[in-house]
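Asker: turn this into a model:
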Amino acid sequence: MEISERVKATGLVILCLLGLLGFVIVPVLTTTHDLYQERHDLEQRRVKIKASVNKKDAALQQIKIKKKELAESALFYPSVTPALASAQLQKSLTTLITEVGGELSSTQVLAVAKEGPFNKISLSVKLAMDIVSLRKLLYEIDTTTPLLFLTDLTIKQRHKRSSKSRQQTRLEVSLTVAGFMER
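Answerer: I've put the predicted structure just below:
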């Protein structure tokens with residue numbers, strides 16, 4: 001049996017269509033699908049990056065707010081230079097000592113130390129007072145703002161005779177007080 005020309009032509013056309021389908025259409029569809037998938041992945045990455053940027057902006061805003069609150073809280077000396085902060089510390093400590101009834105002998109400004117984002121301003125003080133005044137002074141140092149920190153305390157007792165010939169106990173006190181200022 002001989003196959004007619006028409007069947008041969010139809011078979012050849014079908015074979016060409018299958019070849020076209022196998023070598024052209026399937027790779028084009030596969031490439032299109034891969035490109036669509038890559039676009040989808042890139043879109044998801046863009047959304048994640050945008051969310052990260054928004055979180056970063058929110059975090060930076062929170063940092064600004066916290067810095068502003070810290071600056072307004074008056075916990076630290078607001079001075080521009082450590083020398084001015086030392087002068088403020090010296091003035092406030094001298095005022096505290098005289099208010100509680102102490103007699104200031106000497107003050108010495110100590111070197112500025114860097115501690116983290118702050119400058120530590122220290123002052124060494126020698127004074128004389130009674131025990132009640134010392135208690136008041138320590139309370140004031142503990143509760144005052146800007147914050148003061150007592151870093152060294154030495155107490156020596158000395159007896160002083162008063163005109164009524166009764167003995168009065170006075171204390172010789174050496175203390176080092178520190179405050180902080182932002183750099």
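
Asker: for V100, give me its contacts.
Answerer: Applying Cβ atoms under 8 Å, 6 or more residues apart in numbering to V100 gives the contacts M129, S133, K136, L137, E140. Heads up, the C-betas are built off the backbone N, CA and C, glycines and all.

Asker: got a list of what the third one touches?
Answerer: I take that to be K136. Contacts for K136 were tallied using Cβ under 8 Å, 6+ apart; they are V100, G101.

Asker: any weak-confidence spans in the protein?
Answerer: Counting by pLDDT under 70, the chain has low-confidence residues at 1-2, 70-72, 159-168.

Asker: mind checking the longest helix of it?
Answerer: Among all segments of the chain classified by DSSP state H, the helix with the greatest residue count is helix 26-72.

Asker: and it, how far out from the chain's middle?
Answerer: 26 Å (Cα atoms, centre = their mean, to the nearest Å).

Asker: tell me how many other residues surround the residue nearest to E115 when sequence neighbours are not counted.
Answerer: For E115, ignoring the flanking residues on the chain, the nearest one in space by Cβ to Cβ, 6 or more residues apart in numbering is F180 at 7.4 Å. The number of residues packed around F180, counting by other Cβ atoms under 10 Å, is 22.

Asker: swap in A113?
Answerer: 13.

Asker: tell me the contacts of it?
Answerer: With contact set as Cβ under 8 Å, 6+ apart, A113 has these partners: N119, K120, S122.

Asker: can I have the buried ones of those as a PyMOL selection?
Answerer: Selecting the buried subset of the contacts of A113 in PyMOL, with 16 or more other Cβ atoms under 10 Å as the burial test, is done by:
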select buried, resi 119+120+122
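
Asker: V80: neighbour count?
Answerer: Using other Cβ under 10 Å as the criterion, V80 is surrounded by 8 other residues.

Asker: helix, strand or coil for it?
Answerer: Using DSSP: H, G, I helix; E, B strand; the rest coil, the structure places V80 in coil.

Asker: report the separation between it and E103.
Answerer: 33 Å (Cβ to Cβ, to the nearest Å).

Asker: list the buried residues of the longest strand seen in the chain.
Answerer: Scanning the chain for the longest strand, with DSSP state E as the assignment, gives strand 167-182. Residues of strand 167-182 classed as buried under the neighbour-count rule (16+ other Cβ under 10 Å) are R170, L171, V173, L175, T176, V177, A178, G179, F180, M181.

Asker: could you dump those residues to CSV with distance to T32?
Answerer: Below are the buried residues of strand 167-182 laid out as CSV (distance: Cβ to Cβ, whole Å):
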residue, distance to T32
R170, 96
L171, 91
V173, 86
L175, 81
T176, 77
V177, 76
A178, 71
G179, 70
F180, 65
M181, 65
